[in-house]
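Q: Sequence first, then the predicted structure, then my questions.
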Amino acid sequence: MRVIDDVADFVIVGTGAGGATAARVLAGAGHDVLMVEEGPLLRTAERPGEVLDAMAMAFRDFATATTRGAYPLPLLQGRCVGGATAINSGIIWRLPEDVRAEWIARHGLAHLVERRALDDAFENIERELEVAETSSKLFGGNAERMAEACRALGLPGQPMTRNAARCQGTARCLQGCPGEARQSMDVSYVPRAQRDGARLLTLARIDRVLMEWGRAVGVQGVLVDPVTRRPVAQLRVMAREAVIVSASAVQTPVILRRSGLRGMVGERFQAHPGCAVVGRFDEAVTMSRGATQGYEVPLRDKRLKLETLSLPPELLAPRLPGAGAMWQRRLTEMDHYAQWSFICRMEAHGRVRPALFGGGSGAAVHYTPTARDMDRVREGLAILCRMMFAAGAREVFPGIAGLPAVFKSAAEVETIERATLRPHQLNMVASHLFGTACAGRDSSTSVVDENLAVHGVHGLHVMDASVFPTNLGVNPQHSIMALAWVAAERLANRSRSRAVAA
Ligand SMILES: Cc1cc2nc3c(=O)[nH]c(=O)nc-3n(C[C@H](O)[C@H](O)[C@H](O)COP(=O)(O)OP(=O)(O)OC[C@H]3O[C@@H](n4cnc5c(N)ncnc54)[C@H](O)[C@@H]3O)c2cc1C
Ligand code: SF4
């Protein structure tokens with residue numbers, strides 16, 4: 001195989017929320033940056049409207065990666081320029097204040113989440129990524145009904161804030177935003193970094209960080225064929241200043257462990273798993289119109305956040321109960337369904353290791369929700385079902401194996417509350433993943449320090465969701481970007497001062 005060699009001041013592995021933001025800051029400060037991305041660059045205008053084709057292109061392993069163990073939990077991850085931001089709904093939340101306080105008190109991260117620096121980063125990102133509250137004109141029938149349920153039940157519902165001020169309400173964020181209204185990294189910080197001189201190498205999978213005498217000096221991997229994903233060339237990129245690993249909470253620990261790092265690498269894996277409930281209404285809901293996700297109900301004390309989630313027919317159809325003629329009849333009512341989901345701030349901790357066999361993503365993720373997590377899931381499902389009836393649903397499909405497939409009245413929701421739910425009864429999915437290279441002052445309980453530099457290794461940083469010592473209970477991309485912004489800015493300043501001193 002031919003060998004490709006390259007060199008840059010900063011080599012960044014991964015172009016998702018963390019990596020693209022680091023590239024934007026470092027290239028913006030005049031540094032020589034090379035972004036290395038395993039997935040392809042998918043131009044939004046060329047991405048297929050058909051959702052399964054779009055997922056095959058942009059999702060890791062066609063969204064089939066799951067946790068190992070008795071209760072396989074699907075883990076949704078992006079594998080393309082922009083990472084998971086290229087397939088997400090653009091929901092924006094700042095780091096919650098209670099989480100910030102916990103990170104300072106229990107993990108010694110006062111410097112990392114210093115208020116002034118963090119607020120500046122949030123403000124810059126909000127300005128540059130066109131962050132705005134979703135207008136009620138973009139609710140569509142799905143969010144309108146959730147707003148109605150909140151009014152009826154006195155719940156604290158609100159329009160979502162998103163990085164999509166120019167959203168047209170086409171309900172197809174999963175396929176990529178055709179008009180580039182949503183400011184995912186592939187249409188915002190990656191091209192911006194390129195305009196500032198950064199280079200982008202796609203279809204380049206990094207396997208390990210090269211170390212010499214306790215210093216990260218570069219990365220090694222392969223270029224892959226876009227269709228077969230087989231290696232077509234070997235790749236070695238040297239870093240004059242630093243390597244930044246931003247490959248996500250699942251892939252970053254795999255790269256670090258393959259590079260010989262141990263300790264807490266891969267430990268403390270955390271997530272926000274969730275599931276959804278479908279309701280059938282007499283009048284049309286028309287989930288194909290409106291923001292894919294536009295309305296939310298944060299229930300922090302319950303560790304739940306409820307959200308509207310509009311799905312295209314291909315993904316909604318398998319969620320409809322029944323078989324044969326009855327299922328076909330339900331398909332004819334496609335326009336009359338609303339779908340709402342929740343994410344749960346689970347307390348469970350898992351672990352990630354390089355996969356020894358199977359597991360296309362190269363990672364073995366072990367994770368099992370606790371009994372208390374499942375109690376919260378049960379509560380979330382019951383609340384969503386009650387909300388559906390409060391909004392006028394005729395039937396609700398709770399999607400729980402072993403319980404009735406269809407509820408016809410709010411009184412039946414008690415069936416959920418009386419049940420002991422196990423993970424295998426539910427269609428849970430996790431798309432917010434954290435913690436496998438967690439930040440902290442103490443090197444025996446963390447992987448990176450307050451500047452997101454790996455303890456005990458020179459020139460190696462981690463800037464992605466894996467540095468979070470805890471999960472958040474809210475959508476994470478804004479906090480991932482802001483932490484990367486703060487850490488990259490400090491790195492740029494230190495590098496500049498060294499250059500001036502020399
Ligand atoms: C379907 C979906 C919807 C979501 N909706 C929202 C939302 O609305 N709001 C929100 O806040 N969050 C949302 N999230 C979560 C959010 O997008 C992620 O938490 C965030 O993007 C994670 O950022 P990251 O930098 O850790 O990793 P990612 O964004 O996943 O980026 C990692 C990148 O590294 C690349 N990579 C991995 N391994 C290698 C390797 N070996 N070599 C080279 N490159 C590699 C990947 O291809 C990827 O591009 C959603 C996630 C999903 C999957
Ligand atoms: S709903 Fe449509 S227009 Fe709005 S951000 Fe998503 S894909 Fe873009």
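A: Done, it's in. Keep in mind that what you see is a predicted model, and the values were worked out from it rather than measured. Numbers count the residues shown, from 1 in each chain. Ligands and ions are numbered 1, 2, ... in the order given.
Q: use CA for all of it now, contacts and neighbours both
A: Noted.
Q: What is the burial count for the closest residue to Met334 other than its chain neighbours?
A: Closest residue to Met334 apart from its sequence neighbours, by CA to CA, 6 or more residues apart in numbering: Pro313 at 7.1 Å. For Pro313, the neighbour count with other CA atoms under 10 Å is 15.
Q: for Arg172, same thing?
A: Neighbours of Arg172 using other CA under 10 Å come to 24.
Q: Give me the local confidence score for it.
A: Predicted confidence (pLDDT) for Arg172: 92.
Q: returning to what we had before: please look at the residue nearest to Met334 and Glu333 and confirm they touch.
A: No. Applying CA atoms under 8 Å as the test, Pro313 and Glu333 come out as separate, 10.6 Å apart.
Q: Okay, the residue nearest to Met334 and Arg319: tell me how far apart.
A: Per CA to CA, to the nearest Å, Pro313 is found 10 Å from Arg319.
Q: which neighbours do those two share?
A: Residues touching both Pro313 and Arg319 (CA atoms under 8 Å, 6 or more residues apart in numbering): none.
Q: Next up, the contacts around the residue nearest to the spatial centre of the chain.
A: For the chain, His432 is the residue whose C-alpha lies nearest the centre (CA atoms, centre = their mean; 4.3 Å). Counting by CA under 8 Å, 6+ apart, His432 makes contact with Ala271, His272, Pro273, Asn475, Pro476.
Q: which residues of the protein score low on pLDDT?
A: Low-confidence segments of the chain, defined by pLDDT under 70: 357-361, 502.
Q: go with 90
A: 1, 44-50, 61-65, 69-71, 175-176, 178, 227-229, 356-362, 494-502 (pLDDT under 90).
Q: Domain-wise, how is it divided?
A: 2-38+93-130+178-269+433-501, 133-165+274-345+370-425 (automatic domain parsing).
Q: first to last residue in the first one, what's the distance?
A: By that I understand domain 2-38+93-130+178-269+433-501. Per CA to CA, the first residue of domain 2-38+93-130+178-269+433-501 is 40 Å away from its last.
Q: try the shortest one
A: End-to-end distance for domain 133-165+274-345+370-425, by CA to CA: 35 Å.
Q: is ligand 2 contacted by it?
A: Yes. Applying CA under 6 Å from any ligand atom, one finds domain 133-165+274-345+370-425 touching ligand 2 at Ala164, Ala291, Thr292.
Q: Now for the nearest residue to the last one once chain neighbours are set aside, how many residues are close by?
A: To tie it back to what came earlier, the one meant is Thr292. Closest residue to Thr292 apart from its sequence neighbours, by CA to CA, 6+ apart: Ala171 at 4.1 Å. Number of residues near Ala171 (other CA under 10 Å) recorded here: 24.
Q: Surely Ala171 touches Thr308?
A: No. Ala171 is beyond contact range of Thr308, at 11.2 Å (criterion: CA under 8 Å).
Q: Check the gap between the residue nearest to Met334 and ligand 2 for me.
A: 16 Å (CA to the nearest ligand atom, to the nearest Å).
Q: re the thing from before, go through the domains of the chain and pick out the most buried.
A: Mean neighbour count (mean count of other CA atoms under 10 Å) peaks for domain 2-38+93-130+178-269+433-501 among those, with a mean of 21.
Q: does ligand 2 sit close to that one?
A: Yes. For a cut-off given as CA under 6 Å from any ligand atom, domain 2-38+93-130+178-269+433-501 has contacts with ligand 2, namely Ala181, Arg182.
Q: Quick check: Met146 touching Phe389?
A: No. With contact defined as CA under 8 Å, Met146 does not count as touching Phe389 (10.5 Å).
Q: Which residues are in contact with each of those two?
A: Counting by CA under 8 Å, 6+ apart, nothing touches both Met146 and Phe389.
Q: any shared contact partners between Ala171 and Thr308?
A: In contact with both Ala171 and Thr308: Thr292, Gln293, using CA under 8 Å, 6+ apart.
Q: I'd assumed Val413 was in a helix, is it?
A: Yes. Per DSSP: H, G, I helix; E, B strand; the rest coil, Val413 lies within a helix segment.
Q: how close does the nearest residue to it once chain neighbours are set aside sit to ligand 2?
A: Among residues not flanking Val413 along the chain, Ala382 sits closest, at 6.0 Å (CA to CA, 6+ apart). Per CA to the nearest ligand atom, Ala382 is found 28 Å from ligand 2.
Q: OK, contacts around Ala382?
A: Val413, Glu414, Ile416, Glu417.
Q: So it: helix, strand or coil?
A: Per three-state DSSP, Ala382 ends up helix.
Q: that's a strand at Val486, yeah?
A: No. Using three-state DSSP, the assignment for Val486 is helix, not a strand.
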